[in-house]
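S.K.: Build the 3D model from these lines:
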Amino acid sequence: MSTGRDVFIVANSTDELGGVTGWMHRMAHLLQEQGHRVHTVGVHAAELTMALPEDPGYPVTALYPAHPPTPWTPKGVRDRLRIPARRREAARVARKRQAVERLSEIFRAARPGGVVIVTQVWAMEWVGEADTDGLTVIGMSHESYDYSRASHRYRWIKNHYADLERWLVLTEEDADTWAGDGMNNVGFMPNALASLPPVPSPRTGRSVASIGRLTDQKGIDMLLDAWALVAPERPDWTLDVYGAGEDEAALRAQCTGLGLDGSVRWRGRTDDVPGALARSSVFVQSSRGEGFPLALMEAMASGVPCAAFDCAPGVREIVRDGQDGLLAPAGDIDALADRLLRLTGNPRMRDAMGDRARTGVQRFSEAEIVRRWEELFALLER
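M.R.: As a prediction, the model looks like this:
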């Protein structure tokens, strides 16, 4: 039976288009259904926003109306003497102090047993300066060890997460790797599958779907290169690219340059992922790095077999290669094209893998993941 805790979920943004934002709001609803009092907090309001209900049923707070400026680092003595830059930096520091105090006020309203879940590393900078006295702070990372290790976030994780009560990654494999790297507070918690569509995709449409932001991480440039190898062999198939983002113009130009305008459809962002998947017979994920990709789980829940780059432990934990989908070595464009050719060319394989995917992915059901969160709350309260 739930004890009805105060739970604060803190992220970079509460409305930014992307998987972490979707996870945060879904988790807020699930925890609220368990009797907890939930408050979602973002460091800033986003430019490329996700559609949220007018009243989600819990407070949603942004500490800044837009992305805060980055700290000023003077380069040499002359730079230090620049008065306008020094004024801007003083204003940034003062505004940050206000944001931290606002966050502290939110936290002070918690009753005993309150929990702060920090979903992204950058947001931990504000939480780390706020008053969390009497609260249990749980940090999270929604990306793989290798992806963090190759970025500035590795240093942030080491600096901000090492002293928390618990730090969660998405897979046991990554938790073991971080433990070997000196993070003694690490555990793992997979993302939950939001829902199982009542009817799977009929897998009759000659469409391969990609769903994700049009940014470097999602590797749509590599997908287009792979599709250039597939399209001549599958002239009656189309690649449907769902998503928006900063790389869209460059990707469209690449598509035209590869002569793919006749077989690639740019669908834009969609709020109807189940509908998009119902029209597809194959799903493709071409990311350079991932955590525990929700889009991959949603495709499998719809009975759509997946071809994906094996770019993270989360991907190979979701897709069991050769059973319910096909994995290609990370970044291997020829191999991804091969997996797409196999799935598009073999309806019997598509049906068998799609059916197995829909059954197998239910091991990440919401009920199971919520049970594991409740277990963790109880453990950390002892």
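
S.K.: show me where the stretch 201-350 of the chain has helices.
M.R.: Along the stretch 201-350 of the chain, counting by DSSP state H, counting those that start in this stretch, helices occupy 220-230, 248-257, 273-278, 294-301, 313-318, 333-345, 347-360.

S.K.: List just the one of the ones you listed that sits closest to residue 376.
M.R.: helix 313-318 (18.7 Å; CB to CB). Every C-beta, even on glycine, is put in place using the N, C-alpha and C of the backbone.

S.K.: coming back round to it: pick the most buried one from the helices of the stretch 201-350 of the chain.
M.R.: Mean neighbours per residue, mean count of other CB atoms under 10 Å, is largest over these for helix 294-301, with a mean of 26.

S.K.: hmm, who's touching that one?
M.R.: By CB atoms under 8 Å, 6 or more residues apart in numbering, the surrounding residues in contact with helix 294-301 are 19, 22-23, 191, 193-197, 209, 211-212, 273-274, 277, 280, 283, 285, 290, 306, 308, 315, 318-319, 324-325, 357-358, 360-362, 364.

S.K.: Looking at those, which are in strands?
M.R.: 209, 211, 283, 285, 306, 308, 325 (DSSP state E).

S.K.: Tell me who's in contact with the second one.
M.R.: With contacts taken as CB under 8 Å, 6+ apart, residue 211 has the following neighbours: 242, 243, 270, 273, 276, 277, 283, 295, 298, 299.

S.K.: Please apply the same query to the third one.
M.R.: Taking CB under 8 Å, 6+ apart as the definition of contact, the neighbours of residue 283 are 208-211, 277, 295-296, 299-300, 304-307.

S.K.: can you do 7 Å?
M.R.: Going by CB atoms under 7 Å, 6 or more residues apart in numbering, residue 283 touches 209, 277, 299, 304, 306.

S.K.: With pLDDT and distance to residue 382 added, can I get these in TSV?
M.R.: As requested, these are exported to TSV (pLDDT from 0 to 100; distance: CB to CB, whole Å):
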residue	pLDDT	distance to residue 382
209	98	45
277	96	42
299	97	39
304	98	43
306	98	40
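
S.K.: Residue 100: which of the helices of the stretch 201-350 of the chain is closest?
M.R.: Set against residue 100 and scored by CB to CB, the helices of the stretch 201-350 of the chain come closest in helix 294-301, at 30.6 Å.

S.K.: for this protein, longest helix please?
M.R.: Counting residues, the longest helix found in the chain (DSSP state H) is helix 83-108.

S.K.: list the helices and strands the very next helix or strand once past that helix packs on?
M.R.: Later in the chain than helix 83-108, the nearest helix or strand by DSSP states H and E is strand 115-118. Helices and strands touching strand 115-118, by 3 or more CB pairs under 7 Å, 6 or more residues apart in numbering; DSSP states H and E, are strand 6-13, helix 124-129, strand 136-140.

S.K.: circling back: if burial is judged by neighbour count, which of the ones in strands among the contacts of helix 294-301 pass?
M.R.: 209, 211, 283, 285, 306, 308, 325 (16 or more other CB atoms under 10 Å).

S.K.: closest to residue 177 among the residues you listed?
M.R.: Nearest to residue 177 among those is residue 308, at 20.4 Å by CB to CB.

S.K.: Quick check: that closest one vs residue 154, distance?
M.R.: Residue 308 sits at a distance of 24 Å from residue 154 (criterion: CB to CB, to the nearest Å).
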